[in-house]
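Q: Please find the sequence and the predicted model below.
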Amino acid sequence: MSEAANEVVVHRCRFIEYQPSAINVIATHTNRPDGAAIKLAISRGTGDIEIWNVDTDWHMERVVPGGTDASVEAVVWDSGRLFSAGLHSMITEWDVDTLSIEATADSYGGSVWCLAVSTASDTLAAGCEDGCIKLYDLTGGQGSLEFVRSFDKQDGRVLSLDWHESDTTLASGGSDGTVRLWNTANGRCKFRVTVQDEGKVGTLVWAVKVLADGTLISGDSHGKTQFWDGKFGTLLQSFKQHEADVLVLAVSDDSEVVYASGVDNKVIQIKRVQTETSDSWVVSGRARDHSHDVRACVITPNGRLVTGGVDTSVIVYRAARFGRAGTSHRKIPPFPHSEVVSLAKRGLMLYREAAGLQLWRLGTPAGADAIMAQAKHGQPRRLLPVAEPPKLLLELEAKDGHNIIAACVSPNGTRIAYSTIAGTRVFRVQTDEHDTHCNIERVKGLSAELGVAHAMQVAADNSLLVIATTSQELQVVDLTGPKVLATIETGGTRGESSACLLAVSPDGQWAAVSFGKEVHLFGLDTLTHTATTAAFTSPPSALAFLPTEPTLVVVCANNQVTAVDAETGHPTAWSRTHAGVLPKQWLSRREKVIGVSFDSETSPSTAYLHDHSGFTVVDFSRPIPGPKDHLHEIGTTIAATFKEERRDKPQPHKKDLKGDLAAITATAGTNGTAGDGVDGRAAKRLRATDAPTPSTPAPTEDNFKIVKKFQPLLFMGCSTAGAVVVVERPWLAVLKNLPPPLYRAKYGAV
């Protein structure tokens, strides 16, 4: 492949205002079947509940959609049954496979602030706004949620609940400043302790836990974590380690370690110390890695402490090493693991919000052809001025009150489709000659036949809409009719069968859908299920077909890359050659690839594998580095590289760094940016990242190049020949939209 063929223009887009939501609750999947993966349910402010697989190194498998008025304040996940509740007074059981509602029950007590499932998994307790605790029978199995009784009413709302392991008692904390221990057989209060108020300010008991020996633990609005005798209700110990409300508590399985956190974003560890004559608790560690309130805190079965809150990120600690010197944590960014952007070849881009869609026309750079010609002759890359800025053409809101699961735009930009748990809708879009105005019209007669989509895509010829439904079916829709051509059974099994990923070949002949660790292949010309791949070692995280041949590229959550023959489902010669010999530097990365794209016209064998930290360029027609080879990384240590470049190279002309800049031309290896808004200082930093740092070993191959100039990266795709679109969401832009954290006076501050 010639160097000229590698030249691309990259449109760098930052006008997409993706804003992750605060984390309200984190729930572990308790009492799961033997051998089942460790999973977490994380609810956010939008009402969505994310399902994370811990065993696949923190891979987000799917999202249970929320709604515009469906706040989620409590989540429990027990024995495969997921329950949620919030300010709308309804308790909902979800089918995690089909993303549908299994059952609902009214609390008849107003908003539900907390949920707890008994140790035997047969009873669900709900703490309500009216001060009552309601019990529901779960013994009827999935979809059964029957009211049993209501406990005696207390003053104020019930804010927290926790079952004793015997299931005979239930502890609660309330807005009246009390901790109560209840007899679950008759719903009567066994005893009540009142947490001391401070001044005229009342106390809220936000969190409560009951240990195996009966000891009660409370976290309150005055920053206190207190231990109470579970038999007599006397105060054993009190810790004032927080400057504001303690919102969450977590207890280890052996009841020897307690974690507390809240508004002051500090996590403290309290350990039990036993001697021959005494049994006491001591503060043994602390961490402050969140920037805002911590609202959720759990301990996973594999010994990880997981926290989350207003700053939208998930932080993972090793519980056994918490608080020790030199111990690090892992921060998981809050960006989606599925693409929220769909690209049309004519320069239109569809952005999926929580409950709406935005259709954008991309900006147009000026002088791209001339700069490309200069770059081919070895002249320096340049930023291009904007001829036309990007423009928002259309905003569309989901009318059924549910959040959107999937959406797409056709390659020619004339069709838009989206799906919620209420169904799938298709719209016809008409724009003027210059794409400055548009009209939209719903395509009628299809909605009743279309299923709820996990994923959807329009074929390259704009004639077919392919839908992977939540009921393990593949639907093929003729958009010219319009009519449903076929609904194909996939043969998936419940539990691992929910379709999460979909790919359609550029020629419209093939489709691929991932189910668990397998990929099912379909012939769109024959409308049949043709093949199934062998199970991969990890669930797929991205799929795409090669533009010129019936080959599917599968990237898994463990970063294994496999090429599959679409006709047989077997690995291709490339995969058989490179199986088990991919570079260790690539396989050891924690980032998950969320998208694969090709430039079908100028470089059909070159794939762009993108994740949140950047993208990797892989040419399937060339040899790849060996397991021990060092990969070429671009854009990692900017400061060190820039200093080296300033010492060894002439300085760029200042005039090249000024003006309203829009695009950079570059080779596919260095991938300079284009963008709707890049300042001169950013351009200078980008130029400084073209060479590896002096301390980095020289790469043995220039295939598998890792480019980290664009991050956090939401999307990457090819719009036209030689043009790539990248969508970034800078973390500072996200932080600007967060509420202010708790003010803490600092020494020496005025």
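A: Alright, I've got the coordinates.
Q: Show me what residue 298 bridges to in the sheet.
A: Beta bridges link residue 298 to residue 306 when assigned by DSSP bridges.
Q: That one touches residue 251, doesn't it?
A: No: using C-beta atoms under 8 Å, residue 298 makes no contact with residue 251, being 10.0 Å away. Bear in mind the C-beta positions are built from the backbone N, C-alpha and C, glycine included.
Q: and for these two, which residues touch both?
A: Among the neighbours of residue 298, none is also in contact with residue 251 (C-beta atoms under 8 Å, 6 or more residues apart in numbering).
Q: in the stretch 401-550 of the chain, what spans have low per-residue confidence?
A: 491-499 (pLDDT under 70).
Q: what ranges of the chain fall below the confidence cut-off?
A: Counting by pLDDT under 70, the chain contains low-confidence residues at 1-7, 326, 367-382, 491-499, 636-701, 721, 746-750.
Q: Need the residue in it that's farthest from the chain's center.
A: What lies farthest from the middle of the chain is residue 277; by C-alpha atoms, centre = their mean that is 49.4 Å.
Q: and that residue, how far is that from residue 553?
A: Look at residue 277 and residue 553: by C-beta to C-beta, to the nearest Å, they are 66 Å apart.
Q: Residue 405 too?
A: Taking C-beta to C-beta, one finds residue 405 at 24 Å from residue 553.
Q: for residue 289, same thing?
A: Taken as C-beta to C-beta, the spacing of residue 289 relative to residue 553 amounts to 36 Å.
Q: And those two? Which one has more around it.
A: In terms of neighbours (other C-beta atoms under 10 Å), residue 553 is the more surrounded of residue 289 and residue 553; the figures are 24 against 17.
Q: and the host helix or strand of the more buried one, which residues are buried?
A: When secondary structure is defined using DSSP states H and E, the element that contains residue 553 is strand 551-556. Neighbour-count burial for strand 551-556 flags 551-556 (criterion: 16 or more other C-beta atoms under 10 Å).
Q: Over to stretch 467-477?
A: Judged by neighbour count (16+ other C-beta under 10 Å), stretch 467-477 contains these buried residues: 467-477.
Q: now stretch 138-157
A: Buried residues in stretch 138-157, defined by neighbour count with 16+ other C-beta under 10 Å: 138, 145, 150-151, 154, 156-157.
Q: before we move on, back to that, with distance to residue 457 as added columns, please give the buried residues of strand 551-556 in TSV.
A: Listed next are those as TSV, based on distance: C-beta to C-beta, whole Å:
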residue	distance to residue 457
551	17
552	14
553	15
554	16
555	17
556	20
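Q: And the residues you listed, which is closest to residue 184?
A: Each of these was checked against residue 184 using C-beta to C-beta; the closest is residue 556, at 45.3 Å.
Q: wait, what's in contact with the closest one?
A: For residue 556, the contacting residues are 536-541, 562, taking C-beta under 8 Å, 6+ apart as the criterion.
Q: again, only using 7 Å
A: By C-beta atoms under 7 Å, 6 or more residues apart in numbering, the residues touching residue 556 are 536-541.
Q: do residue 524 as well
A: Counted by C-beta under 7 Å, 6+ apart, residue 524 has contacts 464, 476, 508-511.
Q: And the buried ones among these, selectable in PyMOL?
A: This is the PyMOL syntax for the buried subset of these, where burial follows 16+ other C-beta under 10 Å:
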select buried, resi 464+476+508+509+510+511
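Q: got the contacts of residue 524 as a markdown table, with distance to residue 322 and secondary structure columns?
A: Supplementary listing: these in a markdown table, determined by distance: C-beta to C-beta, whole Å; DSSP: H, G, I helix; E, B strand; the rest coil:
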| residue | distance to residue 322 | secondary structure |
| --- | --- | --- |
| 464 | 53 | strand |
| 476 | 52 | strand |
| 508 | 53 | coil |
| 509 | 54 | coil |
| 510 | 49 | strand |
| 511 | 47 | strand |
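Q: so who does residue 440 touch?
A: Applying C-beta under 7 Å, 6+ apart to residue 440 gives the contacts 394, 396, 427, 429.
Q: Let me know the closest of these to residue 450.
A: Distance from residue 450 was checked for each of the contacts of residue 440 by C-beta to C-beta. The minimum falls on residue 427, at 12.8 Å.
Q: burial measure for that closest one, as a count.
A: Applying other C-beta under 10 Å, we find 17 residues neighbouring residue 427.
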